[in-house]
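In: sequence and computational prediction follow.
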Amino acid sequence: MANTPFLTIAIPTYNRAAALEHTLGIVVPQLDCDSRLVVIDNDSNDDTAAVCGRFLRNQAPIEIIRNRVNIGANANIMRCCEQAGDGHLWILPDDDRPHADAVRTIREVITRHPRAGYVNFHTSLLEHYRVTRSREIVVSDARAFAANLDCFGNLLFLPAGVYSGPFVAAHMIDGYAAIHTSGPSIAMLLRALARKETSMVFTPASICSWGAPPTWDPITVTRDLYSLIDLIPAGRPRRMFAKQLFVAFPPKLRRKTNFRAIIDDLAAGHAAIECAVERYRFAAAIRPSYTLPLALAWLARATAPFGTRAVVRALLRRLPR
């Protein structure tokens, strides 16, 4: 194997032995002398070790790194980033579905764009959101990125992206600083684009698919990812990025972001008020009409310790639906 493989495939895994075995069965036959496969086991207590052992006994070129303790999903993703080296990195979670020609496709796209820090590949998520991506687009700053981002969900979908090793090394600190969000790897990209330190590619080529439609909860996504919006320069680029983040919510849950939803949030108690503040803080950045419910959510949070939340709910009920 070359000292610096062209592609490192890092598979973060935890207690999904059957899914890992299926994924390895697809990826291992694609490996060549210029690729490397590393499994980062987050201290699994199921049959993960046995699955890896079977592949090793068949002389599959796999490296196994087992964490001493479960460090959490986001930290394990950053451990995958540490494996990048000087080539390229594909983080492939154990339960996603790589294509049988994924390694070849990655090589073809990277060969066309050798200087790109990140490539975002087409996946079934674009079809789920009725997005058409027909050509490759290269962007090198936050404004162009926000203008050409066609699906935030596809950006968030980890195995849809391939990173340049030098890019990862230069921006690892940004990923660790955003480890509390659901997208530390995205934080590296956004920070670099804001500083005009890299370029990225949107490509219609595909290397993996997601077998089920997304089921993200908008409250959780808003709370965890809102800080990522701040990595985009204020103004039009941030507004365009925020709109894509909003579109990524499942339609059924997206419809809940209205006046009635805040009434339900306030009725649920203090914890829900905090979620309502974050939800409407995000929504108000997209639609000015949400400024009023945001102000009322802030008011509810301020008055909750004094037992006056019912008054705020009464005011909300008088708002037009």
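Out: Perfect, I can see it now. As the structure is a prediction and not an experimental result, all values here were calculated from the model.

In: helix, strand, or coil at Val38?
Out: Three-state assignment for Val38 (DSSP: H, G, I helix; E, B strand; the rest coil): strand.

In: measure it to Arg97 for me?
Out: Noted for Val38: a distance of 19 Å to Arg97, by C-beta to C-beta, to the nearest Å. Quick note: C-beta positions are derived from backbone N, CA and C, even for glycine.

In: quick one: the strands in the protein?
Out: Along the chain, the stretches classed as strands by DSSP state E are 7-13, 35-41, 62-66, 88-91, 97-98, 118-122, 137-139, 161-164, 200-206, 208-209.

In: TSV please, covering those and showing mean neighbour count and distance to Arg281.
Out: Formatted as TSV, those follow (neighbours: other C-beta atoms under 10 Å; distance: least, C-beta to C-beta, whole Å):
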stretch	mean neighbour count	distance to Arg281
strand 7-13	25	31
strand 35-41	22	35
strand 62-66	16	39
strand 88-91	26	30
strand 97-98	19	36
strand 118-122	25	27
strand 137-139	18	27
strand 161-164	24	28
strand 200-206	20	27
strand 208-209	20	33
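
In: of those strands, which is nearest Gly25?
Out: Put simply, out of the strands of the chain the one that sits nearest Gly25 is strand 97-98, at 10.0 Å, with distance taken as C-beta to C-beta.

In: flag the shaky bits of this protein, pLDDT-wise.
Out: Along the chain, the parts satisfying pLDDT under 70 run over 1-3, 211-227, 242-243, 245-276, 286, 299-321.

In: domains in it, as residue ranges please.
Out: In terms of domains, the chain is parsed into 1-95, 96-250, 256-321 (source: automatic domain parsing).

In: the residue nearest the centre of the chain and Ser185, how far apart?
Out: Closest to where the C-alpha atoms of the chain average out (C-alpha atoms, centre = their mean) is Leu156, at 2.4 Å. Taking C-beta to C-beta as the measure, Leu156 falls 9 Å from Ser185.

In: need the strands of the chain in JSON lines with distance to Asp230, can you?
Out: Written out in JSON lines, the entries for the strands of the chain read as follows (distance: least, C-beta to C-beta, whole Å):
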{"stretch": "strand 7-13", "distance to Asp230": "26"}
{"stretch": "strand 35-41", "distance to Asp230": "29"}
{"stretch": "strand 62-66", "distance to Asp230": "33"}
{"stretch": "strand 88-91", "distance to Asp230": "24"}
{"stretch": "strand 97-98", "distance to Asp230": "33"}
{"stretch": "strand 118-122", "distance to Asp230": "20"}
{"stretch": "strand 137-139", "distance to Asp230": "19"}
{"stretch": "strand 161-164", "distance to Asp230": "21"}
{"stretch": "strand 200-206", "distance to Asp230": "19"}
{"stretch": "strand 208-209", "distance to Asp230": "29"}
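
In: which of those sits closest to Tyr129?
Out: Of all the strands of the chain, it is strand 118-122 that lies closest to Tyr129, at 12.0 Å by C-beta to C-beta.

In: and the closest one with strand 200-206, angle?
Out: Compare the direction of strand 118-122 with that of strand 200-206 by axes from the mean of the first three to the mean of the last three C-alpha atoms, to 10 degrees and you get 30 degrees.

In: strand partners (parallel or antiparallel) of strand 118-122?
Out: Next to strand 118-122 in the sheet, as set by DSSP bridges, lie strand 161-164 (antiparallel), strand 200-206 (parallel).

In: now the shortest one - C-alpha only, CSV.
Out: Listed in CSV are the C-alpha atoms of strand 161-164, where the atom choice follows Å, rounded to 0.1, in the frame of the first residue of the first chain:
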residue,chain,number,x,y,z
GLY,A,161,-19.2,14.1,1.0
VAL,A,162,-15.5,13.5,0.3
TYR,A,163,-12.9,15.7,1.9
SER,A,164,-9.3,16.6,0.9
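
In: offset the numbering so it begins at 6, please.
Out: Sure, I'll start numbering at 6, so the last one becomes strand 166-169.

In: what's it in contact with?
Out: When contacts are taken as C-beta atoms under 8 Å, 6 or more residues apart in numbering, the neighbours of strand 166-169 outside the stretch itself are 12, 86, 89, 93-96, 111, 114-115, 121-126, 160, 190, 193, 203, 212.

In: with the longest one instead?
Out: Contacts of strand 205-211 from elsewhere in the structure, counted by C-beta under 8 Å, 6+ apart, are 104, 110, 113-114, 118, 121-128, 138-145, 150, 153-155, 194, 198.

In: next one: the nearest residue to Phe11 once chain neighbours are set aside from Thr13, what distance?
Out: Here the nearest residue to Phe11 in space, its sequence neighbours aside, is Asp39; by C-beta to C-beta, 6 or more residues apart in numbering that works out to 4.4 Å. According to C-beta to C-beta, Asp39 and Thr13 sit 10 Å apart.

In: still on that earlier bit, number of residues surrounding the residue nearest to Phe11?
Out: Burial of Asp39 is recorded as 14 neighbouring residues (other C-beta atoms under 10 Å).

In: isn't it up against Pro10?
Out: Yes: using C-beta atoms under 8 Å, Asp39 is in contact with Pro10, at 5.5 Å.
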